[in-house]
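Enquirer: Would you be able to build a 3D model of this:
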Amino acid sequence: MTKSITYLWKTREALIWLVALLVLAILDPTRSHISICPLSLLALDFCPGCGLGHSIGYLFRGEFLLSFKTHPLGAVAVVLLLYRSASLLYKNYKLK
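Expert: All right, here's what the predicted structure looks like:
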């Protein structure tokens, strides 16, 4: 494998999180979308993560109050995912 492919393989978790955030930033949070939530698929009414994707979508559009109303931890999730991705990329870059 070349060095770049090896680096991409080692940083796949970070890339997955970054692509997921990018998709949530692009999707329209006002529209309904397909849910992959296992609790929702089991027809359970309560899910602690429901609305998190919509909250992140509103956050990327600058609608902070609506983001907080949709799910109060949307901004926290973005910060944690960005921190996790950056730390993985940095750690693997230093090992290169």
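Enquirer: Name the residues that touch the longest helix that the chain contains?
Expert: Of all the segments of type helix in the chain, defined by DSSP state H, the longest one is helix 74-95. With contact meaning CB atoms under 8 Å, 6 or more residues apart in numbering, helix 74-95 is reached by 7, 10-11, 13-15, 17-18, 20-21, 51-52, 55-56, 58-59, 64, 67-68. Every C-beta, even on glycine, is put in place using the N, C-alpha and C of the backbone.
Enquirer: Tell me, how many residues neighbour residue 74?
Expert: 26 (other CB atoms under 10 Å).
Enquirer: thinking again about what came up before, can I have the buried ones of the contacts of helix 74-95 as a ChimeraX selection?
Expert: If you want just the buried ones from the contacts of helix 74-95 in ChimeraX, going by 16 or more other CB atoms under 10 Å, the selection is:
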select :10,11,14,17,18,21,51,52,55,56,58,59,67
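Enquirer: List the ones among the contacts of helix 74-95 that fall in helices.
Expert: Per DSSP H, those map to helices at 7, 10, 13-15, 17-18, 20-21, 52, 55-56, 58-59, 64, 67-68.
Enquirer: low pLDDT regions in the chain?
Expert: 1, 33-36, 95-96 (pLDDT under 70).
Enquirer: Centroid-nearest residue for it?
Expert: By CA atoms, centre = their mean, the chain has its centre lying nearest to residue 21, at 4.0 Å.
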